[in-house]
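Chemist: Curious how this folds, go ahead:
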Amino acid sequence: MNTFNLFKQINKELEEKIGLFVSDYSLNYKIDGEQKDILCPIVPNTVQVMSELDSNWTSDYDDLIVKQTIKIENSSYLFGVDGITLEQNKLGIGVHIHSKTSMFQETISKAEVCKSEIPQSFDIVCSFPKGKLRGKVYIETFFYIKKLNKTFPTHADLEGMRVSQKNISELVLIIDGDGSMFPIGEFEDKNGPLWKLKLGKFNASEDSFSYDNISILLNTEHNLFKQLKERKTALSRGLMMEIVSQAMTIIINKVMEEREEAEIDTDISDGTILSTVDYWISVFDVDTSDTVHISNSLRIALEQILPEE
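Modeler: Modelled structure (predicted):
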């Protein structure tokens with residue numbers, strides 16, 4: 001929804017005046033207690049697919065830390081009658097994180113900005129525990145009124161009000177559901193199989209390709225679980241490829257049958273199970289003539305992208 005604000009805000013001209021600098025994002029997570037950096041440069045105001053940044057990272061097994069540095073050369077221009085708030089007040093840098101698929105949203109205060117002609121630097125860090133992130137996650141950074149001691153007619157007059165004309169920085173992380181990765185979870189069963197496929201009651205043309213609707217579950221009690229999870233050997237990576245290809249075969253076959261029965265329109269929404277299946281068929285050149293050909297063509301394609309290290 002568009003709004004018209006009756007108070008001064010930080011626009012592009014003022015950003016240049018204060019010498020605002022916004023760094024690229026850096027991402028890392030922990031493996032066996034040691035930090036693993038995701039080395040790909042992540043430019044602000046972009047959409048990033050986690051599987052493309054690091055194919056070994058998975059939401060179910062790994063935490064995620066998102067870090068960015070914001071610098072202000074001279075914040076004094078933000079304060080006073082000609083600024084956006086009076087000198088008696090304090091500005092803050094906040095982050096709004098939200099995800100419809102993950103079913104959460106939160107706004108967090110990350111830094112306090114005071115009047116100063118001396119350069120200031122702020123490290124903005126957002127931490128996510130394993131298992132929290134699903135679907136698309138939006139991270140939006142902005143200036144706001146943190147402490148209001150005195151008001152002025154043309155200034156924001158409530159604590160918490162955003163004073164950025166647009167966000168300082170934005171990042172969209174696609175955790176799953178883009179078709180290039182498969183949601184994976186866990187279950188415990190001492191006498192159970194190594195893995196199983198979980199399928200919810202979904203409408204392929206409407207529901208998202210996400211953990212809640214479709215996922216591969218690995219048995220943590222199985223003696224091959226640790227090898228499969230770490231994927232350190234060619235054999236374990238090959239086994240994982242077989243599991244994924246079998247799951248994809250089942251899903252493609254199921255969705256194609258339902259599509260024929262329901263005579264689904266060719267207008268397909270992004271992020272749905274149907275769009276994911278179409279993505280697989282196109283990218284992996286899947287022969288859909290029957291189940292055997294689906295399985296064999298998928299194996300050939302996945303074998304070619306299997307890492308050799």
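
Chemist: list the helices and strands the helix or strand hosting residue 137 packs on?
Modeler: Assigning secondary structure by DSSP states H and E places residue 137 in strand 136-147. Using 3 or more CB pairs under 8 Å, 6 or more residues apart in numbering; DSSP states H and E as the contact criterion, the elements in contact with strand 136-147 are strand 64-72, strand 90-99, strand 104-113, strand 169-174. In short, each C-beta sits where N, CA and C put it, glycine included.

Chemist: switch the cut-off to 10 Å
Modeler: Counting by 3 or more CB pairs under 10 Å, 6 or more residues apart in numbering; DSSP states H and E, the packing neighbours recorded for strand 136-147 are strand 64-72, strand 90-99, strand 104-113, strand 120-128, strand 169-174.

Chemist: And the second one, what's buried?
Modeler: Judged by neighbour count using 16 or more other CB atoms under 10 Å, the buried positions of strand 90-99 are 90-97, 99.

Chemist: ditto for the third one
Modeler: Judged by neighbour count using 16+ other CB under 10 Å, the buried positions of strand 104-113 are 110-111, 113.

Chemist: The residue nearest to residue 93 when sequence neighbours are not counted: what's it in contact with?
Modeler: Among residues not flanking residue 93 along the chain, residue 111 sits closest, at 4.1 Å (CB to CB, 6 or more residues apart in numbering). Residue 111 makes contact with 70, 72, 91-95, 120-124, 141, 143, 146 under the criterion CB atoms under 10 Å, 6 or more residues apart in numbering.

Chemist: Show me which positions of the top helix by length along the chain end up buried.
Modeler: The longest helix of the chain (DSSP state H) is helix 234-262. Using 16+ other CB under 10 Å as the burial criterion, the residues of helix 234-262 that qualify are 236-237, 239-241, 243-256, 258.

Chemist: That helix - contacts with which helices or strands?
Modeler: Other elements packing on helix 234-262 under the criterion 3+ CB pairs under 10 Å, 6+ apart are strand 184-187, strand 195-199, strand 214-219, helix 225-230, helix 273-283, helix 291-305.

Chemist: avg pLDDT for that helix?
Modeler: Helix 234-262 carries an average pLDDT of 86.

Chemist: and the angle for that helix with strand 214-219?
Modeler: For the pair helix 234-262 and strand 214-219, the angle between their directions (axes from the mean of the first three to the mean of the last three CA atoms, to 10 degrees) equals 150 degrees.

Chemist: Might you list the low-confidence residue ranges for the stretch 51-200 of the chain?
Modeler: Low-confidence segments of the stretch 51-200 of the chain, defined by pLDDT under 70, span residues 101-102, 176-181.

Chemist: which among the buried residues of strand 104-113 gets closest to residue 9?
Modeler: The shortest gap between residue 9 and any of the buried residues of strand 104-113 belongs to residue 113, at 14.6 Å (CB to CB).

Chemist: Quick check: beta-bridge partners of that closest one?
Modeler: Using DSSP bridges, the bridge partners assigned to residue 113 are residue 91.
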